[in-house]
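J.: whatever this is, show me its structure:
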Amino acid sequence: AARFYRLVAAWLRWVAEGRESDRETPKSESVVSNGGGAFESLLPNPAPVSFAALPEHLVDDLAEFLLYVQRFARRGLSKAAVDAELSHCLDDFVNLFVLLLGSPQYVKNPYLRAKFVEILRGWLPGDPADSRYEYVPRYAALFEGGNVLASTFLVPSLLRLYVDIEFTGAANQFYDKFNIRHQIGEMCEYLWRVENHRNAWSALAKNDGAFYVRFLNMLINDAIWLLDESMKKLPELREHAADVADTQAWHARPARERQEREAANRQNERALRSDLTLAKTHVGMMGYTSLDIASPFLVPEMVERVASMLNYFLLYLAGPERKQLKFADREKMKALAWDPPEMLGMIVDVYLHLFAADAEGAFVAAIAADGRAYRDEVFIETGAILRQLGSKSESQIASFEALAERARLTHAAAEEEEADLGDVPDHFLDPIMCTLMTDPVLLPSGDNMDRANITRHLLTDETNPFTRQPLKVQDLVPNDALKAEIEGWIAERKKIAGARG
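T.: Model prediction:
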């Protein structure tokens, strides 16, 4: 059966590449992404009629066969025989999946493309140093340079699906995307450790910045939602544990109430365990990518969102209410996959990576400008906690404390400047965020907005926030006259403040 489906995979690739008339393989073409960027695709665009006319079940049947092999056929005594049969076919399967993963014009159903991810994830080779997981050398060769197509295109194709799965049209699309993105995240964590894939990832971020920023925006959106849900559930579970610990009072409650609360608590535990597992994948991806690819995090439309996210969760993890996130029962925390020091370390890693790359001070300024969650005392306390835990080196802690000091000074300077400026004229304020505009742009509707704010909005929703009409970044027109007026007003206010001082 494996050899038959290998022929199916090879034939599907042959048709997709437009070679049914014995033509040469077409050259790669740019495929426009939903984010406005361009992907270099090995497949012609649009898809050849001969491929577009094929029923979807041909590809689905191939995927279902391979999923069956992974879930059932590789178990028991037949495992060695199945692996031997499959090993000769892997490259053809991987080639097809890599081509179709990043080509929604060929496979429009994102859930079918998600099956490719599940199959590829099942072929990850494991860690030879970790006996808990099976290490398969053939699988290692597949992802670590043995397959040229995968080395170049697998990561861009995975990230493309990560973005495409945001809007599937299904009723449960919001929750489906987390499970699919978790599998993508697990694959990316492994692939990041392989130099070829890491280079392909860096090349994508450099050559297709518009798409990559859109991807980062969705990554951060997911991380915020998952962590926020987790932080809300933890006190509820802690309260329930305290109620149950008071045996006399607990048994004095009506039996029906106890059953309902226990059922609700079990549901909360399942949801929390899932949310935390997914959140670690997302925050972890922010951590290891920000070390080598920091610049997309620091663009104007992203840096404030990244800083506010980090500040918000640092306030949870190192602020005065952090004890509400812990349980007296350590085994309970382990069962829930909840490790506050681990999460704090992951958050601090992102701070350190972006601070090291913050040559222009945009990240520090964004941290200090976060009026909702920035607290100087929380940064100071974080340094003390890190020393107590011993989870970071002294040089890393010193770097974090340097960041805290820079943020404190920047915050103080910003407050002084705000006092100097006084009341800002209404037409200088962004109408959505109510902040002083620094780079105003004119929308087709005639409204002005700060470029960073409207660009950030368009990463998630490509509509005019005032009229709900379709809107692209290309439709924004710089309002140079208003910008000059704002800059003149700022200079005048500072001159007046200087004369008073």
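J.: wait, residue 86 sits on residue 1?
T.: No - counting by CB atoms under 8 Å, residue 86 sits too far from residue 1 to count as a contact (10.1 Å). To be clear about C-beta, it is placed using only N, CA and C from the backbone, and glycine gets the same treatment.
J.: of the two, who's got more company?
T.: Relative neighbour count places residue 86 above the other of residue 86 and residue 1, with 21 against 10, counting by other CB atoms under 10 Å.
J.: starting at the chain centroid, how far to the host helix or strand of the more buried one?
T.: Assigned by DSSP states H and E, residue 86 falls within helix 79-87. Centre-to-centre, helix 79-87 and its host chain are 35 Å apart (CA atoms, centre = their mean, to the nearest Å).
J.: with only the CA atoms kept, save the helix or strand following it in PDB.
T.: Per DSSP H and E, the first helix or strand lying C-terminal to helix 79-87 is helix 90-101. Extracted in PDB, the C-alpha atoms of helix 90-101 (Å, rounded to 0.1, in the frame of the first residue of the first chain):
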ATOM      1  CA  LEU A  90       9.200   9.200   2.700                       C
ATOM      2  CA  ASP A  91      10.900  11.700   0.400                       C
ATOM      3  CA  ASP A  92       8.100  11.600  -2.200                       C
ATOM      4  CA  PHE A  93       5.500  12.200   0.600                       C
ATOM      5  CA  VAL A  94       7.500  15.000   2.100                       C
ATOM      6  CA  ASN A  95       8.000  16.700  -1.200                       C
ATOM      7  CA  LEU A  96       4.300  16.700  -2.000                       C
ATOM      8  CA  PHE A  97       3.400  18.000   1.500                       C
ATOM      9  CA  VAL A  98       5.900  20.800   1.500                       C
ATOM     10  CA  LEU A  99       4.700  22.000  -1.900                       C
ATOM     11  CA  LEU A 100       1.000  21.900  -1.000                       C
ATOM     12  CA  LEU A 101       1.300  23.200   2.600                       C
END
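J.: which residue would you name as the spatial centre of the protein?
T.: The centroid of the chain falls nearest to residue 219 when counting by CA atoms, centre = their mean (1.9 Å).
J.: what's it in contact with, if anything?
T.: 162, 282, 285, 286 (CB atoms under 8 Å, 6 or more residues apart in numbering).
J.: quick check: the last one touching residue 348?
T.: Translated: residue 286. No - between residue 286 and residue 348 there is no contact under CB under 8 Å: 11.9 Å.
J.: would you check how far apart the nearest residue to residue 1 once chain neighbours are set aside and residue 117 are?
T.: Residue nearest to residue 1 in three dimensions, not counting chain neighbours: residue 65, with 6.8 Å by CB to CB, 6 or more residues apart in numbering. With distances taken as CB to CB, to the nearest Å, residue 65 is found 16 Å from residue 117.
J.: which one's more surrounded, these two?
T.: More crowded of residue 65 and residue 117, by other CB under 10 Å: residue 117, with 22 against 17.
J.: what sits against residue 292?
T.: With CB under 8 Å, 6+ apart, residue 292 has these contacts: 198, 202.
J.: that one and residue 203: what is the separation?
T.: In terms of CB to CB, residue 292 sits 12 Å off from residue 203.
J.: contact partners for the residue nearest to residue 490 when sequence neighbours are not counted?
T.: Leaving aside its chain neighbours, residue 490 sits nearest to residue 421 (6.8 Å; criterion: CB to CB, 6+ apart). Residues counted as contacts of residue 421 (CB under 8 Å, 6+ apart) are 436, 490, 493, 494.
J.: equivalent analysis for residue 400, please.
T.: Residue 400 touches 348, 351, 352, 355, 379, 382, 383, 386, 392, counting by CB under 8 Å, 6+ apart.
J.: after the helix or strand harbouring it, next one along is what?
T.: Element membership for residue 400 (DSSP H and E) is helix 394-421. As assigned by DSSP H and E, the chain's next helix or strand after helix 394-421 is strand 440-442.
J.: any idea which helix or strand comes after that next one?
T.: Sequence-wise, the next helix or strand downstream of strand 440-442 (DSSP H and E) is strand 448-450.
J.: quick one: contacts of that next one?
T.: Residues contacting strand 448-450 (CB under 8 Å, 6+ apart): 427, 430-433, 435, 437-443, 465, 479, 482.
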